[in-house]
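Chemist: Provide a 3D model corresponding to the input given below.
(one chain, ligands or ions: 1)
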Amino acid sequence: MNNSQGPTSDNSPDHGGHGSHLPDETGTPILIVGAGAVGCLTAFKLGRAGIDVTVIECLPATSDSPRACGYYGPIQPILNELGLYELIRKEGFMTKGLCWRKKPKDDGKGGKVLGEMIAFQPLSAPDDTTYDVGNGLLNLPQADLNKLLLRAALGTGHVQVHFNTELVSILGNSDENGVIARVRDVATATERDLRTRYLVGADGARSVTRKSLGLPFPGHTWPERLIATNVVIKNELDPTWHTHYVLDRVHYTIATPLEDPVVGESTLWRYTIAAAPDDTRTDDELITDENILRRYEDVIAGPRPLQVRIQARATYRIHQRLAPTMRRGNCLLVGDAAHINNPFGALGLNTGLLDAEALGEALIMVLNENYPSSLLDVYSDERRKVFQMFVDPVSTQNKLRLHSIDADTAVEDDWYFRLMKDPSKLSHKQLEELSRPFNESWRTDMRALAKSF
Ligand SMILES: Cc1cc2nc3c(=O)[nH]c(=O)nc-3n(C[C@H](O)[C@H](O)[C@H](O)COP(=O)(O)OP(=O)(O)OC[C@H]3O[C@@H](n4cnc5c(N)ncnc54)[C@H](O)[C@@H]3O)c2cc1C
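Modeler: Residues are numbered from 1 along each chain as shown. This next block holds a predicted model:
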């Protein structure tokens, strides 16, 4: 297996770093399966604590697929503590918050203007241009964040990544003897067994780690598919709250900038639009130019004919699922391998990054500070609790709010829209009540928990 990289190379197998090999029979303290953003953040945390980590990734480089892009709430101070926040901010850009709108309406000149704003959620003051850590939405496409986190992990000098290398199965798994993982070189189909004290399954929603451990993935799949597109659009005006949801009984939509949406310039946006639940067309039929442009007519403001350039397109299914445990023996699950939810509210990757922080801290305490390994059960319980009590219900309601309420009566009918119609009128107590779960329930502070342990 020669697609490996040492600490100083970047994440493309074309850029040197060849020659390092998978660990020999003596093994590696930590084996992370999956070099996605969550696996890479876990590797970075452990590497900077001086713990040697081997990461295996089945793809030839980190994934470029269009997915998450916004980071807010408790992950910002964590990234700052880890010295990553400024790096991400430098590559990315900040926006002030988000809003909910009715569909665009005719401008009387043959074009359309943005639909009436139903409610908005500021994440910083409207006149804030500094965005202290914890304020505003930090934006960077997931693919770029992934590369940045991998570079940071490799830079610790304790992390190795092996691309084109996949986990096939878990052969042995016990507290005393650690884990034996069967891995395969994707290019040559050569298999070998790797010994590790702890295996971290960061291998996404279809996790081979989770399946090898015999763990089911209970929950449900929503009936409709989402059509995700990256599209270049000319920014006609500054709407303050760039990320916006468009309410609709069927084709509800989220639009969010992927580049700084400077007025007058053409920049990249993500438009994700729901297909009808009973639409029987194939995935390919849903993402034809014709179908996408028809959907855009309904949700993109601007002069007609629309001047847009579609750069990427995909359909995907959405789910709410949680594994029955995030620890089995010396194998741990993080991120999408353990839980998945719909993307409304950006509770997917952000939650995975918070898992990575908690698991990284727990493993540092067990490996470097002699805490008992039962701390890893606390990790599993607490992160599952976060999903059950916070991520699952909040993401579910975020989604339902987009299509189960009429846009015309949304403020009248729904307490949340009524409150957020003008958040400047909310009392300090009301604001605190709304933000408390995000500030207090989302992150897991392993050190604070260990005090009562
Ligand atoms: C279209 C879309 C839009 C989204 N939008 C948002 C959003 O706006 N906000 C948000 O917070 N979340 C969003 N999400 C969810 C978010 O993308 C996921 O929560 C996130 O990718 C989880 O990261 P992860 O590292 O756990 O898994 P992944 O990103 O899936 O990474 C897993 C890695 O493991 C590798 N791998 C898999 N199997 C193996 C194996 N057997 N051996 C070795 N390697 C393996 C994969 O190749 C991959 O690189 C979105 C998801 C989708 C699909």
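
Chemist: what number of residues lie near residue 90?
Modeler: Counted by other C-beta atoms under 10 Å, the residues lying close to residue 90 total 10. Where C-beta positions appear, they are placed from N, C-alpha and C, glycine not excepted.

Chemist: Then residue 365?
Modeler: Other residues near residue 365 number 21, with proximity taken as other C-beta under 10 Å.

Chemist: OK, now which residue of the stretch 101-250 of the chain is nearest to the ligand?
Modeler: For the stretch 101-250 of the chain, the nearest residue to the ligand under the criterion C-beta to the nearest ligand atom is residue 204, separated by 2.7 Å.

Chemist: Phi, psi for the closest residue to that residue other than its chain neighbours please.
Modeler: The spatially closest residue to residue 204, leaving aside those adjacent along the chain, is residue 336, at 4.7 Å (C-beta to C-beta, 6 or more residues apart in numbering). Per-residue torsions, residue 336: phi -60, psi -20 (degrees, to the nearest 10).

Chemist: what does the one 10 residues further on give?
Modeler: The phi/psi pair for residue 346 (degrees, to the nearest 10) reads phi 50, psi 40.

Chemist: what's around the residue of the stretch 301-450 of the chain found nearest the ligand, how many residues?
Modeler: Per C-beta to the nearest ligand atom, residue 335 is where the stretch 301-450 of the chain lies closest to the ligand, at 2.4 Å. Using other C-beta under 10 Å, the number of residues around residue 335 comes to 30.

Chemist: Do you know the pLDDT at the residue positioned nearest the centre of the chain?
Modeler: The residue at the geometric middle of the chain, judged as the C-alpha nearest the mean C-alpha position with C-alpha atoms, centre = their mean, is residue 349 (1.7 Å). pLDDT, the model's per-residue confidence, is 98 for residue 349.

Chemist: my guess is it meets residue 67, correct?
Modeler: Yes. Counting by C-beta atoms under 8 Å, residue 349 does reach residue 67; the two are 7.2 Å apart.

Chemist: what sits in contact with each of those two?
Modeler: With contacts defined as C-beta atoms under 8 Å, 6 or more residues apart in numbering, the residues adjacent to both residue 349 and residue 67 are residue 142.

Chemist: picking up where we left off before, what residues are up against the residue of the stretch 301-450 of the chain closest to the ligand?
Modeler: So residue 335 contacts 36, 37, 38, 39, 202, 204, 349, 351, 352, 353, 355, 356 (C-beta under 8 Å, 6+ apart).

Chemist: from those, which ones fall inside helices?
Modeler: Taking DSSP state H as the definition of helices, the contacts of residue 335 contribute 37, 38, 39, 349, 351, 352, 353, 355, 356.

Chemist: quick one, what contacts the last one?
Modeler: With C-beta under 8 Å, 6+ apart as the criterion, the residues that contact residue 356 are 38, 39, 41, 42, 45, 202, 334, 335.

Chemist: Could you count how many residues lie near the second one?
Modeler: A count of neighbours around residue 39, defined by other C-beta under 10 Å, yields 32.

Chemist: next one: the fourth one
Modeler: The number of residues packed around residue 42, counting by other C-beta under 10 Å, is 33.

Chemist: Name the nearest residue to it, sequence neighbours excluded.
Modeler: For residue 42, ignoring the flanking residues on the chain, the nearest one in space by C-beta to C-beta, 6+ apart is residue 356 at 4.3 Å.

Chemist: Over to the second one?
Modeler: The shortest distance from residue 39 to any non-neighbouring residue, by C-beta to C-beta, 6+ apart, is to residue 202 (3.2 Å).

Chemist: and if you look at the fifth one?
Modeler: Counting by C-beta to C-beta, 6+ apart, residue 45 lies nearest to residue 360, which is 3.0 Å off, once chain neighbours are set aside.

Chemist: quick one: which helix or strand includes the one you found?
Modeler: In this structure, residue 360 sits in helix 349-369 according to DSSP states H and E.
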